[in-house]
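*Asks:* I need the structure of the sequence given here:
(one chain, ligands or ions: 1)
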Amino acid sequence: MIISGKDLSARMKAEMAEKVATFPQKYGRVPHLVVILVGEDPASQSYVKGKGKACEVVGIRNTTILRPATISEEELLALIAELNADDSVDGILVQLPLPKHINEDRIIAAIDKSKDVDGFHPLNVAALWMKQPCTVACTPKGIIRMLDEAGIEISGKRAVVIGRSQIVGLPVAKLLLDRNATVTICHSRTQNMAEITRQAEILVVAIGKAKFVTEDMVAPGAVVIDVGVNRIPETGKLCGDVDFEAIEPKASVITPVPGGVGPMTITCLMENTIECFEKKMNAR
Ligand code: NAP
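*Replies:* The predicted structure is shown next:
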């Protein structure tokens, strides 16, 4: 079975659009997401465009603020402070990566936790690890949602996550653990990786290396979630970290690239924006 993140995203966005349509009457306005794009990196421009499109579909107000790559860290911090103080703004997202002269950690920490729709703020990350209410990072959230929608039981399963980044590998491992999977995390220093991955009933791969996971690394019947986004230089086409053609016949469930985890990430961003908005409005 191939899980289409595209189809699930379309369904989720349609449901969210119905909900958002009730907000003007209920709260007097719709949620407002502000995206800050620094510089002119084409990949970042395309991600930001995708976020704007999703906002349109769901009915969320979107403002994209463009700043040149030469912006100073102080200027960016001042912009964030302004948005934090603006009551009409419900979500703030700074598109990463930022130019090298800007400290990303400082920028993320400057965003008000209650407006941190990416779930990257240290307080949101800490709350996730302490099992407290928080905004969950979009990609890990989307992965768990895909597993649930496909009817995959997580509890009691042996899960292996390859990759330990703050934005994908670690939070997805934590979410799987919270759902009572037994989780192993692999990384660039892991020895005999295939021996470990062959034990996986659920295998999540988030490293950023085209077709890294080969057929011999996957157990028959495994659930394979491919987070990687890589571009094949010769063709310019996108592909994942998993050799899809070789593994698809062996896996019980697999996600494609493109059209798998990617669309779910943006859809969960919409969900997080609505959650931040509702939390604020209901607290009044
Ligand atoms: P990252 O911060 O670069 O982390 C990569 C991780 O992979 C690190 O933990 C690294 O291990 C591990 N790794 C690298 N080479 C490895 C190897 N040969 N064997 C085992 N582990 C290895 O990347 P990321 O931000 O997590 O993103 C990972 C991939 O997911 C990228 O392709 C990115 O574009 C994609 N992504 C997709 C979405 C989406 O929505 N679909 C969202 C976010 C990211 P060490 O810790 O030991 O260095």
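*Asks:* low pLDDT regions in the stretch 101-250 of the chain?
*Replies:* Of all residues in the stretch 101-250 of the chain, none has pLDDT under 70.
*Asks:* which residues of it fall in helices?
*Replies:* Taking DSSP state H, counting those that start in this stretch as the test, the helices found in the stretch 101-250 of the chain are 104-110, 122-129, 138-149, 169-178, 193-197, 244-247.
*Asks:* Mind putting those into TSV with distance to the ligand and mean neighbour count?
*Replies:* The way it works is simple: take the backbone N, C-alpha and C, and place the C-beta from them, glycine included. Output for the helices of the stretch 101-250 of the chain, formatted as TSV (distance: least, CB to the nearest ligand atom, whole Å; neighbours: other CB atoms under 10 Å):
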stretch	distance to the ligand	mean neighbour count
helix 104-110	12	16
helix 122-129	14	17
helix 138-149	4	23
helix 169-178	5	22
helix 193-197	6	16
helix 244-247	14	16
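*Asks:* Now render those helices as JSON lines, adding distance to residue 282.
*Replies:* Listed next are those as JSON lines, based on distance: least, CB to CB, whole Å:
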{"stretch": "helix 104-110", "distance to residue 282": "25"}
{"stretch": "helix 122-129", "distance to residue 282": "19"}
{"stretch": "helix 138-149", "distance to residue 282": "21"}
{"stretch": "helix 169-178", "distance to residue 282": "25"}
{"stretch": "helix 193-197", "distance to residue 282": "43"}
{"stretch": "helix 244-247", "distance to residue 282": "43"}
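*Asks:* I'd like to know which of the ones you listed lies nearest to residue 6.
*Replies:* helix 138-149 (11.1 Å; CB to CB).
*Asks:* Contact residues of the stretch 51-200 of the chain facing the ligand?
*Replies:* For the stretch 51-200 of the chain, the residues in contact with the ligand (CB under 6 Å from any ligand atom) are 139, 162-165, 167-169, 186-190.
*Asks:* same thing but at 8 Å, please
*Replies:* 138-139, 142, 162-169, 186-190, 193 (CB under 8 Å from any ligand atom).
*Asks:* And the residues you listed, which of them are buried?
*Replies:* Buried subset of these (neighbour count, 16 or more other CB atoms under 10 Å): 138, 139, 142, 162, 163, 164, 167, 168, 169, 186, 193.
*Asks:* Distance of the residue lying closest to residue 218 once chain neighbours are set aside relative to residue 254?
*Replies:* Leaving out its chain neighbours, the residue that sits closest to residue 218 by CB to CB, 6 or more residues apart in numbering is residue 247, at 5.3 Å. Using CB to CB, to the nearest Å, residue 247 is found at 6 Å from residue 254.
*Asks:* Residues that sit against both of these two, list them.
*Replies:* Between them, residue 247 and residue 254 share these contacting residues under CB atoms under 8 Å, 6 or more residues apart in numbering: residue 224.
*Asks:* Residue 233: how many residues sit nearby?
*Replies:* 8 (other CB atoms under 10 Å).
*Asks:* so where's the longest helix in the protein?
*Replies:* What stands out as the longest helix in the chain, according to DSSP state H, is helix 261-282.
*Asks:* ok, the residue nearest the centre of the chain - contacts?
*Replies:* Most central residue of the chain, judged by C-alpha distance to the mean C-alpha position with CA atoms, centre = their mean, is residue 139 at 2.1 Å. Listed by CB under 8 Å, 6+ apart, the contact set of residue 139 reads 167, 168, 172, 206, 227, 261, 264, 265, 268.
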